[in-house]
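A.B. asks: this is the structure alone, sequence omitted:
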């Protein structure tokens, strides 16, 4: 009896070690992504007079984040504002209002200001996108952790991503793309209700961050599915 118990406990410990080691490695990878994003934005923190680019897009997005925060704490319409294009106002859903970022960042905006919220959003966009792709690659597409790390690094910190992050949050915020793909291309057949609900919620959230990225994703998925169907119709079905 005691021998069997000892063997069982030993097996549990042995099988638990790789799992804990895996989580530790994942945490280090994510920490590295966050650290890199903070490093890239280091020259902007506490410098309200500095902009990533000379164009005024950063100022516009800081205003959008402030508007989202005001909409949370005061009774005003988050989808329309007369503060721009006065007196008629503008439809913010037809513009880059990034409510999907601004609403969650409301505490940061109210406590530290819209510039701090913008820089926090940049860090979240870059590191979050890299992390999301790392998870998808590691769990679904590659067996090498190194390959997943490099893939996540490229997807989150490619030159185009860094360039867009300093001015266009709605383009740099791509952390939902891997999650949408994961629910869309499920690894095994089964009930579709729960995956459909999660997929719908993710798509709605992405729409409130940026419709352009969602449109590009839909086009890319359409091209992939069409090519896959032509290459192997039976597997595609």
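C.D. replies: Looks like it arrived, so ask away. Since this is a predicted model, take the numbers as computed values, not measurements.
A.B. asks: did I read that right, residue 224 in a strand?
C.D. replies: No. Residue 224: not assigned to a strand; according to DSSP: H, G, I helix; E, B strand; the rest coil it is helix.
A.B. asks: how far away is it from residue 184?
C.D. replies: 10 Å (CB to CB, to the nearest Å). From N, CA and C alone the C-beta is placed, and that goes for glycine too.
A.B. asks: so which of these two has more stuff around it?
C.D. replies: Neighbour count, other CB atoms under 10 Å: between residue 224 and residue 184, residue 184 has more, with 15 against 12.
A.B. asks: what is the helix or strand hosting residue 164 packed up against?
C.D. replies: Here residue 164, judged by DSSP states H and E, is contained in helix 159-165. Packing partners of helix 159-165 (3 or more CB pairs under 8 Å, 6 or more residues apart in numbering; DSSP states H and E): helix 114-136, helix 169-172.
A.B. asks: gap between it and the chain center?
C.D. replies: Mean-position distance between helix 159-165 and its chain equals 14 Å (CA atoms, centre = their mean, to the nearest Å).
A.B. asks: what is the mean pLDDT for that helix?
C.D. replies: The pLDDT scores in helix 159-165 average 92.
A.B. asks: hmm, who's touching it?
C.D. replies: Under the contact criterion CB atoms under 8 Å, 6 or more residues apart in numbering, helix 159-165 has outside partners 40, 52, 122, 125-126, 129, 155, 171-172, 174.
A.B. asks: on that earlier part again, to residue 92, which of the helices and strands packed on helix 159-165 lies closest?
C.D. replies: Among the helices and strands packed on helix 159-165, the nearest to residue 92 by CB to CB is helix 169-172 (12.0 Å).
A.B. asks: and the contacts of that closest one?
C.D. replies: In contact with helix 169-172 (CB under 8 Å, 6+ apart) are residues 61, 96, 98, 101, 118, 121-122, 125-126, 129, 161, 164-165, 209-210, 212-213.
A.B. asks: now the buried members of those residues.
C.D. replies: 61, 96, 98, 101, 118, 121-122, 125-126, 129, 161, 164-165, 209-210, 213 (16 or more other CB atoms under 10 Å).
A.B. asks: residues touching the residue most central in space within the chain, list them.
C.D. replies: Residue closest to the average C-alpha location in the chain (CA atoms, centre = their mean): residue 175, at 1.8 Å. Going by CB under 8 Å, 6+ apart, residue 175 touches 124-125, 128-129, 131-132.
A.B. asks: closest to residue 194 out of those?
C.D. replies: For the contacts of residue 175, the nearest to residue 194 is residue 132 (20.1 Å; CB to CB).
A.B. asks: what about the strands in the chain?
C.D. replies: Secondary structure of the chain, counting by DSSP state E: strands at 80-81, 90-91.
A.B. asks: deepest-packed of the ones you listed, please.
C.D. replies: Mean neighbours per residue, mean count of other CB atoms under 10 Å, is largest over the strands of the chain for strand 80-81, with a mean of 18.
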